[in-house]
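Asker: Show me how the following folds:
(2 chains)
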Amino acid sequence: MKFFNALKDTLPIFVSYFTLSFSFGVLAVKMGIHPYIAIFMSIVIYSGSLQFLLLAIYNKLSLLDIFITSFLLNFRQFFYSLTFLDRYKNHFYKIFALTDETFAILTHKKNDPKYELYVSILNHSYWIIGTICGVVFVQYVNFELKGLDFILISLFVVILIENFLDTKNFFPTILGIISFLIFYFLGVENLLIFSILFSFLIIYLRHKYA
Amino acid sequence: MLEMIIGAIANFFTRFLPFMFFKKHYKKFLFLKDEFPTVLLTILTLYMLFPENSNLNELKYKLIGISITVILHLLFRKFLLSVFIGSFIYILLLNKF
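Answerer: Residues are numbered from 1 along each chain as shown, chains lettered A, B, ... in the order given. Okay, here's the model as predicted:
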């Protein structure tokens, strides 16, 4: 019974996970990633924004920069885990599978270990199945399309709009724009890392002295 | 693909740190919770919008694609609709069908 409840509750997630991971599979292969590596990423990373970002930066940044950027991009998950600290105890898989959407479903429900596990497994499998379908799809339907990676930009823009509608707070966006523009016009080499560290410093100082 | 494994490890850390050794000290990091993710997302968006060797035409199409995404999202707030129609228009423009 709990399984069917989980199936019903995760159906909307199925639609968005499948579409998104399908696009990821297609894009990854188009960008020269081996199909098995694309599927492997969906199994062990299981984070849409990070997987798309990795496609965009993997051949541009150093390993250390990749680590820092990935860590900071998904730092919000730190707070999801924190919220579920007592609830999840030390259940390895459930902690691993705590994505934005899984968190969103579970955070409003009562503590129920079986149900949590079903929701986690179902969402994760939608993500993997979508990737596999995308990867297989490009093998058979060979098409040349430039600009598929734009999906990531519009994905981020939508997250930013949602965030803004939620918080009505302009400050982080403006700080991001300023940090980026400073180092963009200075023409520094590690643009990304410099602007991230700079904005981090500003946030820290603001927290400490304001 | 070392890069992907590094990304995976970084991702593991974000999910497991609270369970490993942050139970006592997490309060020190709470100030990052609200605003920093948005700052970072803004920077990443701009970084991908203005790559080092970008040409003007591509940038023009990107701005059109983003405007469509923004307008659709403000009108309908349907995540997949805004992302895919915005991207679709950009890809159409870029490939000049």
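Asker: going forward, measure contacts and count neighbours with C-alpha atoms only.
Answerer: Noted.
Asker: what's the pLDDT at residue 17?
Answerer: The chain I'm using is chain A. pLDDT for A:Tyr17: 91.
Asker: I was after chain B.
Answerer: pLDDT for B:Leu17: 84.
Asker: Where does A:Leu61 sit: helix, strand or coil?
Answerer: Classification of A:Leu61 using DSSP: H, G, I helix; E, B strand; the rest coil returns coil.
Asker: Could you chop chain A up by domain?
Answerer: Under the assignment automatic domain parsing, the domains of chain A span A:2-166, A:169-210.
Asker: Check these for me and report the most buried one.
Answerer: Sort these by mean neighbour count, taking mean count of other CA atoms under 10 Å in any protein chain shown, and domain A:2-166 sits at the top with a mean of 18.
Asker: end to end, how far does that domain reach?
Answerer: The first and last residues of domain A:2-166 sit 32 Å apart, counting by CA to CA, to the nearest Å.
Asker: same deal with stretch A:104-120?
Answerer: For stretch A:104-120, the first-to-last residue distance is 12 Å (CA to CA).
Asker: From the rest of the structure, what touches it?
Answerer: Stretch A:104-120 is contacted by residues A:2-3, A:5-7, A:9-10, A:87, A:94, A:97-98, A:102 when judged by CA atoms under 8 Å, 6 or more residues apart in numbering or on different chains.
Asker: quick one: which of these is nearest to chain B?
Answerer: Of all those, chain B sits closest to A:Leu98, with 7.6 Å by CA to the nearest CA.
Asker: Was I right to think the closest one contacts A:Tyr80?
Answerer: Yes. Judged on CA atoms under 8 Å, A:Leu98 makes contact with A:Tyr80 at a distance of 7.3 Å.
Asker: Please identify every residue contacting each of those two.
Answerer: Residues touching both A:Leu98 and A:Tyr80 (CA under 8 Å, 6+ apart): B:Arg15.
Asker: ok, back up a step: filter the contacts of stretch A:104-120 down to the ones near chain B?
Answerer: Among the contacts of stretch A:104-120, the ones lying near chain B by CA under 8 Å from any CA of the partner chain are A:Leu98.
Asker: State the pair within the contacts of stretch A:104-120 that is farthest apart.
Answerer: A:Leu7 and A:Arg87 (21.3 Å; CA to CA).
Asker: circling back: dump the contacts of stretch A:104-120 to a markdown table, plus secondary structure.
Answerer: Below are the contacts of stretch A:104-120 laid out as a markdown table (three-state DSSP):
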| residue | secondary structure |
| --- | --- |
| A:Lys2 | helix |
| A:Phe3 | helix |
| A:Asn5 | helix |
| A:Ala6 | helix |
| A:Leu7 | helix |
| A:Asp9 | helix |
| A:Thr10 | coil |
| A:Arg87 | helix |
| A:Lys94 | helix |
| A:Ala97 | coil |
| A:Leu98 | coil |
| A:Thr102 | helix |
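Asker: quick one: A:Leu11 from A:Phe156, how far?
Answerer: A:Leu11 is 23 Å from A:Phe156, where distance means CA to CA.
Asker: picking up where we left off before, please render the domains of chain A as TSV that adds distance to B:Leu32 to the earlier fields.
Answerer: Putting these into TSV (distance: least, CA to CA, whole Å) gives the following:
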stretch	distance to B:Leu32
domain A:2-166	9
domain A:169-210	8
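Asker: For B:Leu49, find the nearest of those.
Answerer: Among the domains of chain A, domain A:2-166 comes nearest to B:Leu49, with 7.3 Å by CA to CA.
Asker: For the residue sitting furthest away from the middle of chain B, give me the pLDDT.
Answerer: Most distant from the centre of chain B: B:Lys24, at 31.1 Å, with distances by CA atoms, centre = their mean. Note for B:Lys24: predicted pLDDT of 70.
Asker: Could I get the full set of helices for chain A?
Answerer: For chain A, the helices defined by DSSP state H occupy A:2-9, A:11-30, A:35-44, A:48-57, A:63-73, A:76-83, A:85-88, A:92-96, A:100-106, A:113-140, A:150-167, A:171-186, A:191-209.
Asker: How about the contacts made by the residue nearest to A:Ser49 when sequence neighbours are not counted?
Answerer: Nearest residue to A:Ser49, sequence neighbours excluded (CA to CA, 6 or more residues apart in numbering or on different chains): A:Leu152, at 7.4 Å. Neighbouring residues of A:Leu152 by CA under 8 Å, 6+ apart: A:49, A:52-53.
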